[in-house]
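[1] coords please:
(chains A and B)
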Amino acid sequence: MSYLEYNVKSAPTGLRKILYLNWPVALLLASVSGAGFLMLYSVAGGSFSPWAEPQMKRFALGFVLMLGVAMVPIWFWRSLAGLGYLMTVALLVGVELFGTVGMGAQRWIDLGFMRLQPSELMKITLVMFLAAYYDWLPAKRTSHPFWVLLPVIAILIPTALVLRQPDLGTSILLLAAGGGLMFLAGVHWAYFAVVLTSAIGLVTAVFRSRGTSWQLIQDYQFRRIDTFLDPSTDPLGAGYHITQSKIALGSGGWTGRGFMQGTQSRLNFLPEKHTDFIFTTLAEEFGFLGGISLLGLYALIIVFCIWSALTNKDRFSSLLTLGIALNFFLFFAVNMSMVMGLAPVVGVPLPLVSYGGSAMLVLLLAFGLMQSAHVHRLR
Amino acid sequence: MKKTRAETDFSHRRISRRAALLGGAQLLFIGGLAARMRYLQVDQADQFRLLAEENRINVRLIPPARGEVFDRNGMRLAQNAPSYRIVIVREDAGDVDAVLDRLATIIELAPEELDRTREELRRSPSFLPVTIAEDVSWKDISRVSVNAPALPGVTPEVGLSRIYPQGSDFAHVLGYVGPVSDYDLSKITDPEPVLRIPRFQIGKVGVETKLEPLLRGKAGAKRVEVNAAGRVMRELSRKEGTPGADVQLTVDAKLQGYVQARLASESASAVIMDCDNGDVLACASAPTFDPNLFVRGISVRDYSSLTENKYRPLASKTVQGLYPPGSTFKMITAMAALEAGLIGPDDTVYCPGHLEVSGRRFHCWKRAGHGWVDLQTSLKRSCDVYYYDLAIKVGIEKISDMARRFGLGVKHDVPMSAVAQGLAPNMEWKQQTYGQSWRVGDTVNVSIGQGFMLSSPMQLAVMTARLATGRAVEPRLIKSVDGVEQPPRGGESLGMNENNLRKMRRAMNAVVNDRRGTAYGSRIIEDAMRMAGKTGTSQVRNITAAERRAGVIRNEDLPWERRDHALFVNFAPIDRPKYAVAVVVEHGGGGSKAAAPIARDITLQALYGGPPPLEAYPTKDRERIEAQQQELQRMQPQASFVGRDQA
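    Numbers count the residues shown, from 1 in each chain, chains lettered A, B, ... in the order given. The predicted model follows:
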């Protein structure tokens, strides 16, 4: 589908575009981020520094960035999909070569004014690239083995690079988002069946490799899985995080212990309370009602995105929107499963709420693309 | 690639289908998360709330103040005094090494103490205080306080420590306290948490350990909020504990001090007891030691000098030391015979100096014999043959039974360590212990308090009190607990014929006040204070027939540990017995020479409530006694605790 095929008349122009933005999504993003500021203020013991203030600044920057991206026609972004993908892969290689070691893993490149995590960017550019690929590929070839192999390689290259950092959480997210997009694009069921079967086989192999010379994942990753399966075996060691997190959640009860009254976080029993485990503080202080409200906001964002995709007849746009929504979903679903003791601790932050610069900027950038697709949608 | 309208629609339909599918799956998963959240936060809320509280709230014990111990006149025998220590907090100190070096220039610190402090500082969290020096003098504390600005993070702290102001006088009665050891904990099932407080002191020996439950008190507790690192954030609530009960003993500190000084460095012990209610007024064992050394942690050198001393200063000889009572037992043999009606008023026995019993010859201490003796003469002059004869007539069962009625071979309930039961042997006992039948010779030995017969000075004092009163006096050491008077135990009549008892008392009177009595030299001449008693000299070795032929070796010529024990028991005043006394001087030689003078001095001291006038002594002794009194006054230090600077 080329530029000319758009029903140009229906696409708004100039400042009118602002009216055509998906305002519910924008407002929902702002409220989720607002909840994040509140919690960062609380875990700092009632102070804007060191977390809430920088986070607010970054959100403001990100929100403006999102609107800026939304103003640019989606077909322009589509034309950058291939380039973006290649550049991000190059950045990942760059991290591999020159990256700074932080938290025991090579994850970011120091740009001076901010630290860039290429793996975060990769989530977007991969989705963009795949959406563009399936937009270009004639529908009947979608399930042809050759045309299936190409995107698989495109997914596996960055996944492998991220896994090498090593960052198991992000690489699983990449794999899941890529696979999800292929599923949305209409690749035949049989492929997924084969992949799922072999994935189960692989997991078995990984576990079998433990302690042998060809061990496939790091020891600490094994330990995380162990403690996830039974946190009580190691309550003061690696299982500590999960146990304390569940205690914080559970002690919140229906209505929580009140703003800034959460003892688990205030007394430092919670690990990484301002990043990966921030949801536990929210659940402790605002209880089940607070937690379910945040979950509801997230769900609404997903619903609005899917609705926007379904009403958009442009294939690239709807695939991109769905891919971004899926990414977003995987993000918070993995984090929440983790803090609720349903998944191992893999180090995935809660989108827009956890303290963290590049994750928030990249997410808002992604929603900028989604907004652009919404504004310039094909009716 | 050009796309037809149909193609676009087709792919759009497919995307819509799959998007709906995936979207549905996502919403389903979100629903699952919500359900999980509900399970954790609503269904299991109570349990997790509890766990969060457990995380956050820490119960810290407040050690109770230990009960103090007083003598019968309210003088402090054991008290809690502030003890100072210097602690350092790493996070406040900054450069720990520099601060410690500076501290070492201000007060004297052993290099190993500094090393231990550094090591502890490395291991413990930065906010926890680490003790640099304990039991620091007030002078050093002031120096540290004055130099506080140069010593960041270093603070003096005050705690309570046990002090025995009477020093060594009550070492054996009170015992001492010390920090709880692993061994102590291993002996107690389910130990109280307070015992796990570092440096908490519990009784180790003597009254301190026997009355531990009373003295310890109940620990208080404060609930504090702690963070994950264990740092105390704030105190939530506080429940004060109950301090231990104050205990008043029946002992008289002044008298005890005198007795201890009078025994001096002999290996001896003495008990003086109130005949009426059994109050133990003094209970001294010599040589003694300073219990304060044990509280602070005794040095290896001091400890081995105590354990290697052949006079056994650590032993509490008054209750733990068992001796053959020797001739002091003769009253029991006589009472057994009198109560059995075996002695007529004019019965006499001829003492040729020995008695043949089933082929064995038993000697009287006087080789030439005493000739014809009756009851009073036999006791007065301590004739052995008379009692051999009586014992054969009475039999061991009656004698053993009589001994127990007088409190020998019976474990008295005194809250001191290692109270011995002693032994009043009978046929059954020998059969069980040795698997041998009782022989007449055994009875003959027991009749004069030798052979199997064993008793402690405390038991001898009880025996004497019972002879003096005819009542079952029991020793009492605890006068009151927290101001509540403890009733005396026993005191009921022994059920003996009063005439018989009177005969014994008359005979004991003769022992001391008759010109030919064995203790005549130790009489009291003040009429209202006269005492009655009995000497005893108990053999610790066998005298062979050969030695007897050659002449028995005199005590002075024997090595110390083979000499005879010297014993003396007495009560006074004769008309209205008030005090009963027992003195044992280990390997002291003859009872009349070594033990009786001590007993008399103690008795007079008690009767006069202080140094007695010289008029109470026989005229020819006065000069010697005066010198002795002055000597004792010089030796007996003013009752105060030396060795610690006070604030």
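
[2] List the buried residues for stretch B:257-270?
    For stretch B:257-270, burial by neighbour count (16 or more other Cβ atoms under 10 Å in any protein chain shown) applies to B:257, B:258, B:259, B:260, B:261, B:262, B:263, B:266, B:267, B:268, B:269, B:270. Every residue, glycine included, has its C-beta placed from N, CA and C.

[3] from these, which ones fall inside helices?
    Here DSSP state H is the test, and those give B:257, B:258, B:259, B:260, B:261, B:262, B:263 as lying in helices.

[4] And the closest residue to the last one other than its chain neighbours, how close does it get to chain A?
    Beyond its immediate neighbours in the sequence, the residue positioned closest to residue B:263 (Cβ to Cβ, 6 or more residues apart in numbering or on different chains) is residue B:286, lying 3.7 Å away. Taking Cβ to the nearest Cβ, to the nearest Å as the measure, residue B:286 falls 57 Å from chain A.

[5] Help me confirm that residue B:286 comes into contact with residue B:256.
    No - using Cβ atoms under 8 Å, residue B:286 makes no contact with residue B:256, being 11.6 Å away.

[6] could you redo the ones in helices among the buried residues of stretch B:257-270 as TSV and give each row pLDDT and distance to residue B:442?
    Converted to TSV, those look like this (pLDDT from 0 to 100; distance: Cβ to Cβ, whole Å):
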residue	pLDDT	distance to residue B:442
B:257	92	42
B:258	92	40
B:259	93	35
B:260	92	37
B:261	91	40
B:262	91	36
B:263	91	33
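
[7] will you turn these into TSV that also has distance to residue A:132?
    Listed next are those as TSV, based on distance: Cβ to Cβ, whole Å:
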residue	distance to residue A:132
B:257	105
B:258	110
B:259	109
B:260	105
B:261	108
B:262	112
B:263	109
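
[8] So which of the residues you listed is the closest to chain A?
    Looking at those and their distance to chain A, the nearest is residue B:260, at 56.3 Å (Cβ to the nearest Cβ).

[9] and the gap between that closest one and residue B:169?
    5 Å (Cβ to Cβ, to the nearest Å).

[10] How about the residue nearest to residue B:263: which residues does it bridge to?
    Under DSSP bridges, the beta-bridge partners of residue B:286 are residue B:268.

[11] burial count for it?
    By other Cβ atoms under 10 Å in any protein chain shown, the residues close to residue B:286 number 23.

[12] Could you do residue A:163 as well?
    18.

[13] measure the closest residue to it other than its chain neighbours to chain B for me?
    Of all residues not flanking residue A:163 in the chain, residue A:171 sits nearest, at 4.2 Å (Cβ to Cβ, 6+ apart). Separation of residue A:171 from chain B (Cβ to the nearest Cβ) stands at 20 Å.

[14] Am I right that residue A:171 is in contact with residue A:155?
    No - Residue A:171 lies out of contact with residue A:155 (Cβ under 8 Å); the separation is 10.3 Å.

[15] these two touch, right, residue A:343 and residue A:337?
    Yes - here residue A:343 lies in contact with residue A:337, judged by Cβ under 8 Å, at a distance of 3.8 Å.

[16] So out of everything in the stretch 451-600 of chain B, what residue is nearest chain A?
    Closest point on the stretch 451-600 of chain B to chain A, by Cβ to the nearest Cβ, is residue B:482, at 41.7 Å.

[17] What does that residue show for phi and psi?
    Torsion angles at residue B:482 (phi, psi; degrees, to the nearest 10) stand at phi 50, psi 40.

[18] How confident is the prediction for the spatially closest residue to it that is not a sequence neighbour, by pLDDT?
    Closest residue to residue B:482 apart from its sequence neighbours, by Cβ to Cβ, 6+ apart: residue B:245 at 4.2 Å. The model reports residue B:245 with a pLDDT of 92.
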